[in-house]
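Student: What shape does this take:
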Amino acid sequence: MKRILFLPLVFLGMSIQLVQSAETPALIERPGSGNVPTQVSVGIWIVDINNIDSAQQNFTADIAVVLRWKDARLAHTGTGAVHYALDQIWTPRVSIANETSSVVRKLPESAEVEPNGTVLYRQRYVGPFTQPLRLESFPFDRQNFRIHFVAIRYRPDEVAFLPDENWIRDGLQKAAGISRSITLPDWTVEKWDAKPSVYALTPGLQYSGYVFEFTASRNVLHYILKVILPLVLIVMMSWSVFWTEPTNSNTQFSIAVTSMLTLIAYRFAVDTQLPRLPYMTRLDVFFLVSTLLVFLSLIEVLVTTILDNNDQVARAKKLDRYCRVIVPVIFVIASIAIFAHPRG
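Tutor: Take a look at the predicted model:
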């Protein structure tokens, strides 16, 4: 009876062991394990950058990546490339540090192995990538963007990334580049770079990595024509109270209050383009100066109305004449101070 009970227990234990071994794949040693790092060549091509979202602090891109390394254990006598699933061979386990959960991998997770043991892995990533932005100079800003590839589990002394020599021989500088036909309407890409870069997950925990960086400047014509120019016109509309007779206080109040309400509504419309920032952008400062000057016009109307009610029309007109010069001069000087210095 004990023997009969013992046999099922043995089979149960063997089944559990087989299931556990199937669920936990063995970690394949990297080629040339030892003191010499495994060299992995990288080629990166930016197919498209179709959006930079300042409010969400990300950019959407289409990226083609080629990784190449040598693994003599996979050399074969065939005439063509042999395809392997990534879990069947050693790979540098590359991921993108700043990718979001919406990034899609367009190509199968497999690799090609040539007869001499050269392994070729291709992938295409499409989706949004996070990027913290410094927006103090918005909308006259210049931003740096990066795509950081990281070899999970491997330190810089274990895996070394370097530009793909085949791409360089084919004329691609640094084995990377950006397509000239990117669909990015409101930004201009000024320069780019690709280089090895250590990724520090936490202090003391560093992984080997490779980074593609590009610098882009915002095209300001849209903001000048559709944001700044209308704002200037709203402020100038409020100045019409200085040319209105103090005896016509109803008209003056109507103009000043309308200018103030229009400015506030306009401010809410522009705020949707930016995240909630703990600092002020250039456009914020310009809005603040404009709001203060429109409010100053409203205060001036109140003062001239009081003077008119006290039969001091001459003093009210004199105040209007001063404001016709002082307020525009303040606005011009403030605008130059805000927008004259170079891009941030």
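
Student: Next secondary structure element downstream of the host helix or strand of Val119?
Tutor: Element membership for Val119 (DSSP states H and E) is strand 118-130. The first helix or strand that comes after strand 118-130 along the chain, using DSSP H and E, is strand 142-151.

Student: tell me the mean pLDDT over whichever helix or strand comes after that following strand?
Tutor: The helix or strand immediately downstream of strand 142-151 is strand 159-163, counting by DSSP H and E. In this model, strand 159-163 has a mean pLDDT of 96.

Student: Buried ones in strand 159-163, by neighbour count?
Tutor: 159-161, 163 (16 or more other C-beta atoms under 10 Å). To be clear about C-beta, it is placed using only N, CA and C from the backbone, and glycine gets the same treatment.

Student: Mind exporting the C-alpha coordinates of the very next helix or strand once past that strand to CSV?
Tutor: Using DSSP H and E, the helix or strand that follows strand 159-163 in sequence is helix 165-169. Only the C-alpha atoms of helix 165-169 are listed here, as CSV (Å, rounded to 0.1, in the frame of the first residue of the first chain):
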residue,chain,number,x,y,z
GLU,A,165,30.9,49.4,-39.6
ASN,A,166,28.8,48.1,-42.5
TRP,A,167,26.5,51.1,-42.4
ILE,A,168,29.5,53.5,-42.1
ARG,A,169,31.0,51.9,-45.2
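
Student: Start the count at 280 instead of 1 going forward.
Tutor: Taking 280 as the first residue, the last one we looked at is helix 444-448.

Student: After helix 444-448, heading C-terminal, what element do we hit next?
Tutor: Taking DSSP H and E, what comes next after helix 444-448 is strand 455-457.

Student: any idea of the angle the next helix or strand after that following strand forms with strand 438-442?
Tutor: Once the chain leaves strand 455-457, the next helix or strand it forms, by DSSP H and E, is strand 466-475. Put simply, strand 466-475 runs at 130 degrees to strand 438-442, going by axes from the mean of the first three to the mean of the last three C-alpha atoms, to 10 degrees.

Student: ok, back up a step: pLDDT (mean, whole number) over the strand holding Val398?
Tutor: 97.

Student: what's the closest of the buried residues of strand 438-442 to Thr481?
Tutor: Set against Thr481, the nearest of the buried residues of strand 438-442 by C-beta to C-beta is Val438 (18.8 Å).

Student: List the buried residues for the top strand by length along the chain?
Tutor: Counting residues, the longest strand found in the chain (DSSP state E) is strand 317-332. Neighbour-count burial for strand 317-332, counted by 16+ other C-beta under 10 Å, picks out 317, 319-328, 330-331.
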